[in-house]
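Novice: Could you work out the structure for the sequence below:
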Amino acid sequence: TITVNDHNPPITIPASRVVRLVTEYNATHVHSGVMGYLFVFVSGGNLLTSQEMNLTVPICNEQVCDTSILPSIDMGPFQGGLRMLKGGCVDTIANSPSCRFAGICDCKTFVEAPESTGCGGVYKSTFGDTEINSLCPAYCDACVDVSMEEVFEEAYTSVMTEHYRSLCQYDTAECRAALSNLHSCGEARSGMEAADPLLQFAVTRQGQRIAQETAKLGEP
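Specialist: Presented below is the predicted three-dimensional model:
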């Protein structure tokens, strides 16, 4: 016997609600062949075709790197060489998800927030725990001996990862162009030489990896 529950009008579930789907199969009787299907149609407000639903974004190596469409970052804290450093490091909270999504962009507010356990501890949020010293090493006097290039690379890698994950929820033309450009910039194609040396350092070391990982839409 086949039964179908067709909810008309459709059931609307808020985007913020966590949903668990559970199916139950009665195997108390012997069956020579059983096949079941469960279809769940999710509406996200986007008009998608079969192309956008691909699980892998095709990446093409372009001959030119267009640095103007790489994600932006505030270069101020990283300019000026050693004069801008405190103990060999800089605070990167201004370019972190804590600033972009929670609006906490300075270390004093971050460290003294009710959700924070202070320097050396963690900031607790619904997205998980964030180590305070990882974003505010200079403020917390917890600097380690690393180069400015490495400090910038860590900050910009976070920016790139968040940017391309947000852009590439589906295999759209905009996503394909962005990932192809990032991959080409990561190979130091023509045009990359005009970028800031710190940007060159980070993108040539991390760009191809981020492009390839982001292209795998079918992986969590």
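Novice: Which residue ranges of the protein form strands?
Specialist: 122-125, 128-131 (DSSP state E).
Novice: Make JSON lines out of those and add mean pLDDT and distance to residue 203.
Specialist: C-beta: built from backbone N, CA, C; applies to glycine. Formatted as JSON lines, these follow (pLDDT from 0 to 100; distance: least, C-beta to C-beta, whole Å):
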{"stretch": "strand 122-125", "mean pLDDT": "90", "distance to residue 203": "28"}
{"stretch": "strand 128-131", "mean pLDDT": "87", "distance to residue 203": "25"}
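Novice: For residue 199, find the nearest of these.
Specialist: Comparison of the strands of the chain against residue 199 by C-beta to C-beta identifies strand 128-131 as nearest, at 24.7 Å.
Novice: Find the residue closest to residue 208 in space, skipping its chain neighbours.
Specialist: Leaving aside its sequence neighbours, residue 208 sits nearest to residue 186 (C-beta to C-beta, 6 or more residues apart in numbering; 3.7 Å).
Novice: sorry, back to before: and among the strands of the chain, the most buried is which?
Specialist: strand 122-125 (a mean of 18; mean count of other C-beta atoms under 10 Å).
Novice: re earlier: give the contact list for the residue nearest to residue 208.
Specialist: Residues counted as contacts of residue 186 (C-beta atoms under 8 Å, 6 or more residues apart in numbering) are 203-204, 206-211.
Novice: for the strands of the chain, which one sits closest to residue 109?
Specialist: Comparing the strands of the chain by C-beta to C-beta, strand 122-125 comes nearest, at 10.6 Å.
Novice: mind listing what the residue nearest the centre of the chain touches?
Specialist: Central residue of the chain (C-alpha atoms, centre = their mean): residue 162, 2.6 Å from the mean position. Residues near residue 162 by C-beta under 8 Å, 6+ apart: 97, 100.
Novice: what about the longest helix in the chain?
Specialist: helix 148-167 (DSSP state H).
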